[in-house]
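Trainee: Using only what follows, build the 3D model:
(one chain, ligands or ions: 1)
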Amino acid sequence: MLHRRELLKQSGLVIPLWLAGGLIPGRNAFAADSPDMIVHGRVPHNSETRLNRLIESWITPNDLFYVRSHAPVPQIDASQFRLTVEGEVKKPLSISLAELREGFAQRSVVATLTCAGNRRNEHSAVKEVSGVQWQAGAIGNAKWSGVTLADVLNKAGLKEGAKHVWFEGLDQIERSGGVIPFGASIPLEKAMSEHGAMPGTLVATGMNGQPLPPDHGFPVRTVVPGFIGARSVKWLGKIIVSDRPSPNHYVATAYRLVEESTPESWAAASILYDYPLNSVTCLPSQGAQLKPGPVTVAGFALAPANAGQTVRRVEVSADGGQTWSHAEFSSPAIPFCWRLWSVKIGIDRGTTELVVRATDSSGEVQAEKVPWNLKGYMFNAWHHTKVSVS
Ligand code: MTE
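Mentor: You can find the predicted model right below:
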């Protein structure tokens with residue numbers, strides 16, 4: 001068996017120091033400097049995967065996985081680290097990394113993580129939206145390992161009033177003249193659920209067989225399969241069980257759908273949990289110059305999985321949606337995981353764009369258009385790829 005540091009070396013990671021010393025650097029240099037990423041910001045680090053690299057494998061390698069951070073990576077001494085569990089529990093806990101590894105059953109899940117702001121640039125094309133202008137690469141599929149949130153909560157023992165589980169990160173985000181941690185919360189039933197062999201929520205320490213990289217939450221994060229990425233809190237420090245959703249800014253205000261900035265709209269806006277049905281063409285690239293004849297079109301599709309749905313069908317059109325060709329899948333239909341697809345389609349000199357749409361196993365079809373919203377979340381209309389054919 002390979003030593004952990006040897007594995008890291010072979011996978012191209014150049015920062016084994018944080019493993020040796022327990023201290024992590026301020027940012028994950030390799031991903032930000034990679035030509036395979038579109039970098040939107042270095043500190044805090046925000047980058048997405050270039051679409052041609054994104055669909056090279058069903059499991060997204062760690063160094064190609066998008067990063068969405070609201071503050072610099074916090075410095076965490078792994079040897080001193082404790083995860084605390086408090087609130088509506090019978091026995092508050094303070095758990096070290098060793099206890100997390102040795103005191104609980106180790107589980108893993110393959111799940112797709114995607115940012116609610118993925119494809120925000122398409123909302124912005126209608127009317128400008130502030131925030132990171134994500135194209136379509138703020139998504140990735142990884143094998144996460146760790147312990148189930150249900151096991152942690154069962155160890156603490158839930159009180160009657162337990163209805164929501166809050167997560168608090170150890171990062172420090174500057175907001176309105178103060179500093180806050182990134183926070184999320186999920187309904188208790190999601191926290192305690194199992195979907196077949198898959199836990200509803202994982203308290204993860206590993207990503208694709210390696211310790212979580214610093215940018216992805218080392219040493220501990222939550223992974224909430226099926227929910228927008230914002231509910232999977234990195235650098236997890238605190239779990240609080242409550243009778244209500246978290247008052248943290250990223251639950252109380254951000255990550256809600258509002259169409260106009262009025263007090264009524266904000267009051268009516270519900271908390272975003274599940275990500276929507278989506279599909280994206282990754283090849284050919286936007287603006288590709290093609291020859292008339294058959295062309296291979298390929299990409300990914302993702303279905304919401306709250307009721308076990310998977311992606312059933314992906315169709316591509318070269319004539320604006322009048323006729324559609326069915327794509328073939330190169331990956332299985334597994335809830336909470338994207339499916340990679342491809343199709344050979346004929347194009348001619350009149351072709352100006354390729355359009356893709358997906359259908360899930362409940363029969364829901366991706367809509368041609370979606371309403372604009374103030375924060376540019378959840379864009380999931382048909383995906384258009386402009387091409388020129390000559
Ligand atoms: N957790 C903390 N502590 N701080 C953050 O800024 N960003 C969230 C979530 N968890 C965030 C966080 C958002 S918006 C997303 S989309 C995912 O992490 C991104 O996870 P990744 O960077 O590992 O891809």
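Trainee: so where's the chain shaky on pLDDT?
Mentor: 1-32 (pLDDT under 70).
Trainee: all helices for this structure, in order.
Mentor: With DSSP state H as the criterion, the chain has helices at 4-10, 17-21, 29-32, 51-54, 97-102, 120-126, 149-156, 188-192, 249-252, 263-268.
Trainee: Select, out of these, the one closest to residue 113.
Mentor: Ranking these by distance to residue 113, with CB to CB as the measure, places helix 51-54 first at 12.8 Å. C-betas here are computed from N, CA, C, even on glycine.
Trainee: and the closest one, what other elements does it pack with?
Mentor: Packing contacts for helix 51-54, counted by 3 or more CB pairs under 8 Å, 6 or more residues apart in numbering; DSSP states H and E, involve strand 278-283.
Trainee: quick one on the thing from earlier: turn the helices of the chain into a markdown table, including distance to the ligand and mean neighbour count.
Mentor: Formatted as a markdown table, the helices of the chain follow (distance: least, CB to the nearest ligand atom, whole Å; neighbours: other CB atoms under 10 Å):
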| stretch | distance to the ligand | mean neighbour count |
| --- | --- | --- |
| helix 4-10 | 17 | 13 |
| helix 17-21 | 16 | 13 |
| helix 29-32 | 9 | 18 |
| helix 51-54 | 13 | 20 |
| helix 97-102 | 17 | 14 |
| helix 120-126 | 12 | 18 |
| helix 149-156 | 15 | 20 |
| helix 188-192 | 16 | 19 |
| helix 249-252 | 8 | 19 |
| helix 263-268 | 19 | 11 |
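Trainee: now for those helices, which one comes closest to residue 133?
Mentor: helix 120-126 (4.8 Å).
Trainee: send the alpha carbons of that closest one over as PDB?
Mentor: Taking C-alpha atoms only, helix 120-126 is exported to PDB below (Å, rounded to 0.1, in the frame of the first residue of the first chain):
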ATOM      1  CA  ARG A 120     -25.000  32.800 -13.100                       C
ATOM      2  CA  ASN A 121     -23.500  34.400 -16.200                       C
ATOM      3  CA  GLU A 122     -26.600  33.300 -18.100                       C
ATOM      4  CA  HIS A 123     -28.800  35.200 -15.700                       C
ATOM      5  CA  SER A 124     -26.400  38.200 -16.000                       C
ATOM      6  CA  ALA A 125     -26.800  38.100 -19.800                       C
ATOM      7  CA  VAL A 126     -30.500  38.900 -19.200                       C
END
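Trainee: What residue in the stretch 201-350 of the chain comes nearest to the ligand?
Mentor: Of all residues in the stretch 201-350 of the chain, residue 229 sits closest to the ligand, at 2.6 Å by CB to the nearest ligand atom.
Trainee: Ok, which of the helices of the chain comes nearest residue 387?
Mentor: Distance to residue 387, taken as CB to CB, is lowest for helix 51-54 among the helices of the chain, at 13.9 Å.
Trainee: Name the surrounding residues that touch the closest one.
Mentor: 36, 60, 64, 135-137, 139-140, 280-283, 285, 299-300 (CB atoms under 8 Å, 6 or more residues apart in numbering).
Trainee: and if you look at stretch 266-275?
Mentor: Outside of stretch 266-275, the residues within contact range by CB under 8 Å, 6+ apart are 114, 116, 186-187, 190, 226-228, 230-231, 245, 251, 253, 255-258, 302, 304, 306, 377-378.
Trainee: Out of those residues, which end up buried?
Mentor: 114, 116, 186, 190, 226-228, 230-231, 245, 251, 255-258, 302, 304, 306, 377-378 (16 or more other CB atoms under 10 Å).
Trainee: So what would you say the end-to-end distance of stretch 346-363 is?
Mentor: 27 Å (CA to CA, to the nearest Å).
Trainee: Would you mind measuring from residue 353 to the ligand?
Mentor: Going from residue 353 to the ligand by CB to the nearest ligand atom, to the nearest Å gives 28 Å.
Trainee: Check the burial of that residue by counting its neighbours.
Mentor: 15 (other CB atoms under 10 Å).
Trainee: quick one: it and residue 320 touch, right?
Mentor: Yes. Residue 353 is within contact range of residue 320, at 7.2 Å (criterion: CB atoms under 8 Å).
Trainee: The residue of the stretch 51-200 of the chain found nearest the ligand bridge partners, please.
Mentor: Proximity of the stretch 51-200 of the chain to the ligand (CB to the nearest ligand atom) peaks at residue 169, 2.5 Å away. With beta bridges defined as DSSP bridges, residue 169 has these partners: residue 236.
Trainee: got the contact list for it?
Mentor: When contacts are counted by CB under 8 Å, 6+ apart, residue 169 touches 74, 181-183, 233-237.
Trainee: Pull the most distant pair out of these.
Mentor: Greatest spatial distance in the contacts of residue 169: 74 and 183, 14.1 Å, computed using CB to CB.
Trainee: Okay, domains of this protein per the record?
Mentor: Domain assignment for the chain by automatic domain parsing gives 4-268, 278-389.
Trainee: Tell me how many other residues surround the nearest residue to residue 173 once chain neighbours are set aside.
Mentor: Closest residue to residue 173 apart from its sequence neighbours, by CB to CB, 6 or more residues apart in numbering: residue 71 at 4.3 Å. Counted with other CB under 10 Å, residues neighbouring residue 71 total 20.
Trainee: Do I have it right that residue 71 meets residue 171?
Mentor: Yes. Contact criterion CB under 8 Å: residue 71 and residue 171 qualify, at 4.3 Å.
Trainee: Now do the shared contacts for these two.
Mentor: Both residue 71 and residue 171 are contacted by residue 182, under the criterion CB under 8 Å, 6+ apart.
Trainee: List, one by one, the residues from the stretch 101-250 of the chain near the ligand.
Mentor: Residues of the stretch 101-250 of the chain lying near the ligand by CB under 6 Å from any ligand atom: 113, 115, 169, 171, 182, 216, 229-230, 232-235.
Trainee: between these, which has the most around it?
Mentor: For those, the largest number of neighbours (other CB under 10 Å) sits with residue 233, at 30 neighbours.
Trainee: That residue contacts residue 221, correct?
Mentor: Yes. The criterion here is CB under 8 Å, and residue 233 meets it with residue 221 at 6.1 Å.
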